[in-house]
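**Student:** Sharing a model that was predicted from the sequence below.
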Amino acid sequence: MIIGSRPTKFQVVVDKNQCMLCGRCVDNCSYGVFRMEPEEIITNTRNCVACHRCISQCPRDAITIKERPCDYRSHPVWTAQVKENIFKQAESGKILLGGMGNAAQYPILFDHLVLDACQVTNPSIDPLREPMELRTYIGKKPRQLEFIQKSDTDISLVTELVPNLKLETPIMIGHMSYGAISLNAHKAMAKAVSDIGTFMGTGEGGLHEALYPYQDHMIVQVASGRFGVDVNYLERGAAIEIKIGQGAKPGIGGHLPGEKVCADVSCTRMIPEGSDAISPAPHHDIYSIEDLKQLVISLKEATEWKKPVFVKIAAVHNVAAIAAGIARSGADAVVIDGFRGGTGAAPSVFRDHVGIPIEAAVAAVDTKLRRQGIRNEVSIIASGGIRQSADVAKAICLGADAVYIGTAALVAMGCRVCGTCYRGLCTWGIATQRPDLVARLDPEEASHNVKNLIEAWTLELAELMGAAGINSIESLRGNRDRLRGYMLDQSMLDVLDVKPIGA
Ligand code: SF4
Ligand code: SF4
């Protein structure tokens, strides 16, 4: 009571002249904002999270949501967010949780990098008329190839190739677990990647039977909680990913609240229904690169050396050295998750203050692996904050082989990035297990949207490459000469190994 009532984050207004009292806003809002009275709709604005489901369903465009209508007294240091966090913690004494990615206002490096295009002396390529090679192979590449010539017309490859994943586009969907998101969301994304010829991650929640038809396009994850992991699970995946860290919460584990562990989730994760699913911060069998190597080899042994094994880490200060160790552990790919990576729930203090951006991390890792002569040992997958096709192109120029998207795929299914996934009330049927809410997401329609998004980005990527006179994704990878830094200081340009504009 000392603190009193705080300003509301959003103000919801229903235009009485437009409203026809159809009740759709009442039915669609799982946060309890709307109430139907005989002659009007009453709103409880304080409950609003701005998921905009009501606006999307209102047949009369009668609803307006305004952000921060009555804000805190302004102050350059003691911002509204700082004060709000203090109030909440003074009342609760607890760690604050937040969903989705880093919400702090750091500069976005992708927006300070610009791509190149051909003019006059170096002709561009028209992707509509000429073939563009976007096919990408993820996994170890031999240092050199050896052939044997048996006759004038018969030449055979002698070098033994290790299994790689073949992607028709360098865009995959990263790991979001069943439990954190709904089965319909998983089905939609699995169908989309399967149709396109790319891959998605299961997250650490196991592989639901309904996804078995898409298993050839699924990367199964082994995280510190080992949820849902057995040999059947490992064998079903096209590749296996060991999750060491996550960009949204480096250095800590995960927590799926018991309310989200329904019968189906409990079965897939192999844990009791209603129990909290807690992933420890470290893997209790990994304290060195040698330990990691043992797990990589064990997983390869368990699957008869037929599957590539990835290792995912959060982008942190010494990420390049860690990635070099991973490359020596026998892993086939290193996934680097930048500090804008999404999550269902993370302590806000980690989400907003720990880790580094993916742009700097990818550049540092690619440089280190090249200098050590081991770039061919692992592919680099960049994730965390990929928002558009230009980000994909820039990440590849900085050294990535492929990217994982996450939040962008959810947005394609309706997500409004309201950041309250951890409450399990997602009105779009994505980050929830409540059957009535899950039923709102039609997997067929959502799959169509996700597929469209990845296809549209792939087309744009081909256009960007063509404009730069590049017809193969191989030639874009690590090609930092096709990037220039805009309003970046010299130290940042040095980390990215990119020249400034005009140079
Ligand atoms: S959905 Fe729109 S028209 Fe229907 S009751 Fe709500 S505000 Fe009125
Ligand atoms: S998935 Fe749902 S709850 Fe999470 S941010 Fe998107 S709209 Fe909000």
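**Tutor:** Done, it's in. Ligands and ions are numbered 1, 2, ... in the order given.
**Student:** Close to ligand 2: what parts of the chain are there?
**Tutor:** By Cβ under 6 Å from any ligand atom, the residues of the chain that approach ligand 2 are 51, 99-100, 410, 415-421, 426, 428, 430-431. The C-beta positions use only the backbone N, C-alpha and C, and glycine is treated the same way.
**Student:** shaky segments in the chain?
**Tutor:** Residue ranges of the chain with pLDDT under 70: 1.
**Student:** Regarding it, what is its longest helix?
**Tutor:** In the chain, with assignment by DSSP state H, the single longest helix is helix 443-467.
**Student:** Now the element after that helix, going C-ward?
**Tutor:** Going down the chain from helix 443-467, the next helix or strand is helix 473-476, by DSSP states H and E.
**Student:** what comes up buried for that next one?
**Tutor:** 473, 476 (16 or more other Cβ atoms under 10 Å).
**Student:** picking up where we left off before, highest neighbour count among the residues of the chain next to ligand 2?
**Tutor:** Counting neighbours by other Cβ atoms under 10 Å, Cys426 leads these with 31 neighbours.
**Student:** wait, is that one part of a strand?
**Tutor:** No: looking at Cys426 with DSSP: H, G, I helix; E, B strand; the rest coil, it is coil, so not inside a strand.
**Student:** That one touches Tyr31, doesn't it?
**Tutor:** No: using Cβ atoms under 8 Å, Cys426 makes no contact with Tyr31, being 10.1 Å away.
**Student:** Now Met492: which helix or strand?
**Tutor:** Per DSSP H and E: helix 490-496 holds Met492.
**Student:** Give the intersection of the neighbour lists for Cys426 and Tyr31.
**Tutor:** Common contacts of Cys426 and Tyr31 (Cβ atoms under 8 Å, 6 or more residues apart in numbering): Cys51.
**Student:** coming back round to it: report the distance from the longest helix of the chain to the chain centre.
**Tutor:** 16 Å (Cα atoms, centre = their mean, to the nearest Å).
**Student:** Pull out the buried positions in it.
**Tutor:** Neighbour-count burial for helix 443-467 flags 443, 446-448, 450-451, 453-454, 457-467 (criterion: 16+ other Cβ under 10 Å).
**Student:** and if you look at stretch 277-294?
**Tutor:** 277, 279, 283, 286, 289, 292-293.
**Student:** What of stretch 91-101?
**Tutor:** Neighbour counts over stretch 91-101 (16+ other Cβ under 10 Å) mark 97-101 as buried.
**Student:** can you tell me the distance between the two ends of stretch 127-142?
**Tutor:** Using Cα to Cα, to the nearest Å, the gap from the first to the last residue of stretch 127-142 comes to 30 Å.
**Student:** care to break the protein down by domain?
**Tutor:** According to the TED database, the chain comprises the domains 10-94, 165-500.
**Student:** Report the contact partners of the residue nearest to Ile470 when sequence neighbours are not counted.
**Tutor:** Sequence neighbours aside, Leu476 is the residue nearest to Ile470 in space, at 5.4 Å (criterion: Cβ to Cβ, 6 or more residues apart in numbering). Taking Cβ under 8 Å, 6+ apart, we find Leu476 in contact with 393, 396-397, 465, 468, 470, 482.
**Student:** from those residues, which is closest to Thr202?
**Tutor:** Distance to Thr202 across those (Cβ to Cβ) is lowest for Ile396, with 24.7 Å.
**Student:** how much space between Met492 and His112?
**Tutor:** With distances taken as Cβ to Cβ, to the nearest Å, Met492 is found 8 Å from His112.
**Student:** And Cys22, by the same measure?
**Tutor:** According to Cβ to Cβ, Cys22 stands 47 Å off from His112.
**Student:** which of the two has more neighbours?
**Tutor:** Shown here are Cys22 and His112; by other Cβ under 10 Å, His112 has more neighbours (18 against 15).
**Student:** Phi, psi for that one please.
**Tutor:** Phi and psi for His112, reported as degrees, to the nearest 10, are phi -110, psi 20.
**Student:** For ligand 1, what's its nearest residue on the stretch 401-503 of the chain.
**Tutor:** The minimum distance from the stretch 401-503 of the chain to ligand 1, using Cβ to the nearest ligand atom, falls at Thr427 (13.0 Å).
**Student:** Quick check, that residue in contact with Leu437.
**Tutor:** Yes: contact criterion Cβ under 8 Å: Thr427 and Leu437 qualify, at 6.7 Å.
**Student:** Can you check which residues contact both of those two?
**Tutor:** Residues within reach of Thr427 and of Leu437 at once, by Cβ under 8 Å, 6+ apart, are Ser30.
**Student:** I figured Ala393 hits Ala462, correct?
**Tutor:** No: Ala393 is beyond contact range of Ala462, at 10.0 Å (criterion: Cβ under 8 Å).
**Student:** all strands of the stretch 251-400 of the chain, in order?
**Tutor:** Secondary structure of the stretch 251-400 of the chain, counting by DSSP state E, counting those that start in this stretch: strands at 254-256, 277-279, 309-314, 333-337, 346-347, 379-383.
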